[in-house]
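*Asks:* My questions are about this predicted structure, shown below with the sequence.
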Amino acid sequence: MVLCPVIRKLLHKRVVLASASPRRQEILRQAGLRFEVVPSRFKETLPKASFPTPPAYAVETAKQKALEVARRMHQKDLRAPDVVIGADTIVAVGGLILEKPVDKQDAYSMLSRLSGKEHSVFTGVAIVHCCSRDGRLDTDVSEFYEETRVQFSELSEELLWEYIDSGEPMDKAGGYGIQALGGMLVEQVHGDFLNVVGFPLNRFCKKLAELYYPSGREDPRPAQSHQGRGGRAEDGGERTQAAGPEEAVSNRTGHSPPPFPTGLLELVDSFKASKALFTACKLKVFDLLKDGAPLKAVDVAGKLGTSACGTGRLLDACVALGFLQKTDRGYSNTETANLHLTSDGRVLPPTGRPRGMSVGRGRAGHGVRVCLSDPLLFQASCAHSEETRLGLLRAMHSLAKLTARHVATAFDLSRFASACDLGGCTGALAHALAREYPRLRVTVFDLPEVLQHVAGFQPDGPRTEQVSFLPGDIFEDSLPEADLYVVSRILRDWPDGKVHELLSRVARACKPGEATASTSLLQNLIFV
Ligand SMILES: O=c1[nH]cc([C@@H]2O[C@H](COP(=O)(O)OP(=O)(O)OP(=O)(O)O)[C@@H](O)[C@H]2O)c(=O)[nH]1
């Protein structure tokens, strides 16, 4: 989800975060930004005394971090990314600039300096727009900083050393992490909390809005007005532009550009993103990287029997999508990948084809039976191997487990004594309903070929006798008696006539005063 509309402006660009800080990666990922991570090799040794103020130092360091990455990538690929983001966080106290402590003693002197006092945390940010033309790199640098004031409690020696011995201070500016144990040292914060953690997200979004909507309108079309910004000429064939990324285009042509096809490009990008995800799942990339040490692209390729170059690109795409993380040691799974993309917990069907794109629906010919739980997924049994069918069930089960509690608590169902989940598959929703409503008895009604696999699927929490399974076909067999029918899985994708027939059957089975709850699994929207 992208709450900040201007973040969308970056979705079609190749964005690189020039930072090894896991906190910055997390903050930007949570904001919905898609980016690659290329840590900067710029040495943070600018002469502090030559800067008029501490934030001027942080801004320049952020800029040099980002430019180093832009130049390196340009030299390597002869194609620079579109945007490189660099950041630098420092603590300023009593005229001193504190960065990351070099050892425990350094951490001690920093923290004792902060004890009982207020200090400022500055994060400098540089947004570098790049353009490779005729082998030359053009850069356009926008920069800003944010200040947050932090008041520390008085810290006893014992507390200080205990904190230092936790290891937390070592990779943090000023020697503390406000988002973790270090939060206990802090009495008050004035300003943006995320700025202290390493990235001022709010100011960043405002800056993007300034760059992409200079006239203040949130119009997806490139702006016409020219807004000059700071940027200095670089040597080595590099030019910095004053014009913004999109103004530059319109200024060159002198014409109003046609409306920017944002929606279309989003669709194209989403398709590419899905393809990358499905390919990685199919190759079992996430299984390979689960719980192990990070692996380089060439090692992953060796183990999968794939080309090193293509594998590198696939892994980088997965990094940008937030499923892998990349460090100097190699690639490893993110928590999301460990939880939802390995074979045992996968929320995707194993076909290598996005759900909904498979052919055929409903009851196919030649005696083929279709799973009513999700007609597009669990298809003709003769068309799939047992392994594929189990994979589909596994995907449906994992997805249902993810959403079950939300569905179960979206309505107050406490007045019902019995429910029937039509096409309820492995019973994930039924168990969630049973957990939320201890006096509710739930019958899962589904095809026998689905229910025969139920024992192999563990719901969240223990199985309960409140839930029972009844084999049957919702089009042909009588529906079990219940006060409430759940049709969350059976209404999608049927032709209108079929839906009508189904709902009529359910309506006939209902006693006066009963209810039907329907959910759209895709969007988790619930309507009655
Ligand atoms: O409360 C917190 N304060 C600061 C941090 C983290 O501290 C570092 C600051 O270091 P720097 O800006 O130089 O960034 P690096 O980690 O070295 O990564 P780069 O590759 O970008 O140079 C930063 O990681 C903050 O997140 C914190 O976590 N909590």
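*Replies:* That came through fine. Predicted, not measured: the structure shown is a model, and the values here were computed from it. Numbering: from 1, shown residues only.
*Asks:* hey, let's count contacts and neighbours off CA atoms from now on
*Replies:* Noted.
*Asks:* Is Thr306 in a helix, a strand, or coil?
*Replies:* Here Thr306 is recorded as coil under DSSP: H, G, I helix; E, B strand; the rest coil.
*Asks:* same question, Val59
*Replies:* Under three-state DSSP, Val59 comes out as helix.
*Asks:* residue contacts, it?
*Replies:* Val59 sits next to Ala87, Asp88, Thr123, Gly124, Val125, Ala126, Glu143, Phe144, Tyr145 when contact means CA atoms under 8 Å, 6 or more residues apart in numbering.
*Asks:* Hmm, the fifth one is touching Asn195, no?
*Replies:* No. With contacts counted by CA atoms under 8 Å, Val125 stays clear of Asn195, the gap being 10.3 Å.
*Asks:* Have a look at these two and say which one is more surrounded.
*Replies:* Legend: neighbour count by other CA atoms under 10 Å for Val125 and Asn195, higher for Val125 (29 against 22).
*Asks:* now for the helix or strand where the more buried one lies, which elements pack on it?
*Replies:* Following DSSP states H and E, one finds Val125 within strand 118-133. Judged by 3 or more CA pairs under 8 Å, 6 or more residues apart in numbering; DSSP states H and E, strand 118-133 is in contact with helix 54-77, strand 83-93, strand 136-152, helix 193-197.
*Asks:* could I get these as TSV with mean pLDDT and distance to the ligand?
*Replies:* Shown next, in TSV, are the helices and strands packed on strand 118-133 (pLDDT from 0 to 100; distance: least, CA to the nearest ligand atom, whole Å):
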stretch	mean pLDDT	distance to the ligand
helix 54-77	94	7
strand 83-93	98	3
strand 136-152	95	10
helix 193-197	97	4
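*Asks:* Find the one among these with the highest mean neighbour count.
*Replies:* With neighbours taken as mean count of other CA atoms under 10 Å, these reach their highest mean count in strand 83-93, at a mean of 26.
*Asks:* which secondary structure elements does that strand contact?
*Replies:* For strand 83-93, the packing partners by 3+ CA pairs under 8 Å, 6+ apart are strand 15-17, helix 54-77, strand 96-98, strand 118-133.
*Asks:* Can you lay out the ones you listed as JSON lines showing distance to Pro459?
*Replies:* Formatted as JSON lines, the helices and strands packed on strand 83-93 follow (distance: least, CA to CA, whole Å):
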{"stretch": "strand 15-17", "distance to Pro459": "39"}
{"stretch": "helix 54-77", "distance to Pro459": "47"}
{"stretch": "strand 96-98", "distance to Pro459": "50"}
{"stretch": "strand 118-133", "distance to Pro459": "45"}
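*Asks:* Contact partners for the nearest residue to Phe469 once chain neighbours are set aside?
*Replies:* Nearest non-adjacent residue to Phe469, counting by CA to CA, 6 or more residues apart in numbering: Val444, 4.7 Å away. By CA under 8 Å, 6+ apart, Val444 lies in contact with Cys420, Asp421, Leu422, Gly423, Gly424, Cys425, Gly427, Ala430, Val467, Ser468, Phe469, Leu470.
*Asks:* Repeat the analysis, applying 7 Å as the threshold.
*Replies:* Cys420, Asp421, Leu422, Gly424, Gly427, Ala430, Ser468, Phe469, Leu470 (CA atoms under 7 Å, 6 or more residues apart in numbering).
*Asks:* Show me which of these is closest to Gly322.
*Replies:* Distance to Gly322 across these (CA to CA) is lowest for Gly427, with 30.2 Å.
*Asks:* Let me know the helix or strand that the residue of the stretch 351-500 of the chain found nearest the ligand is in.
*Replies:* For the stretch 351-500 of the chain and the ligand, the shortest gap (CA to the nearest ligand atom) falls at Leu402, measuring 29.9 Å. Per DSSP H and E, Leu402 falls inside helix 386-410.
*Asks:* so what secondary structure elements neighbour that helix?
*Replies:* Judged by 3 or more CA pairs under 7 Å, 6 or more residues apart in numbering; DSSP states H and E, helix 386-410 is in contact with helix 428-436.
*Asks:* what is the mean pLDDT for the helix it packs on?
*Replies:* Average pLDDT, helix 428-436: 94.
*Asks:* could you point out which element follows that helix?
*Replies:* Where DSSP H and E defines the elements, the next helix or strand beyond helix 428-436 is strand 441-446.
*Asks:* Report the angle between that following strand and helix 428-436.
*Replies:* Using axes from the mean of the first three to the mean of the last three CA atoms, to 10 degrees, the inter-axis angle of strand 441-446 relative to helix 428-436 is 180 degrees.
*Asks:* And the next helix or strand past strand 441-446?
*Replies:* helix 448-451.
*Asks:* Pull that following helix out as CSV, backbone CA atoms only.
*Replies:* Extracted in CSV, the C-alpha atoms of helix 448-451 (Å, rounded to 0.1, in the frame of the first residue of the first chain):
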residue,chain,number,x,y,z
PRO,A,448,-14.6,-35.1,-0.9
GLU,A,449,-11.4,-34.8,-2.9
VAL,A,450,-10.7,-31.6,-1.0
LEU,A,451,-11.6,-32.9,2.4
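*Asks:* which of the residues in it are buried?
*Replies:* Val450, Leu451 (16 or more other CA atoms under 10 Å).
*Asks:* what's it in contact with?
*Replies:* Residues from elsewhere that reach helix 448-451, judged by CA under 7 Å, 6+ apart: Cys425, Thr426, Pro471, Gly472.
*Asks:* biggest separation within the residues you listed, which pair?
*Replies:* The largest separation in the contacts of helix 448-451, counting by CA to CA, is between Thr426 and Gly472 at 14.0 Å.
*Asks:* how about the residues of the stretch 351-500 of the chain that lie near the ligand?
*Replies:* Counting by CA under 6 Å from any ligand atom, no position of the stretch 351-500 of the chain is adjacent to the ligand.
*Asks:* got any ranges where the stretch 351-500 of the chain has weak pLDDT?
*Replies:* 351-384, 492-493 (pLDDT under 70).
*Asks:* let's go with 80 and repeat that
*Replies:* Residues of the stretch 351-500 of the chain that meet the criterion pLDDT under 80 lie in 351-389, 410, 489-495.
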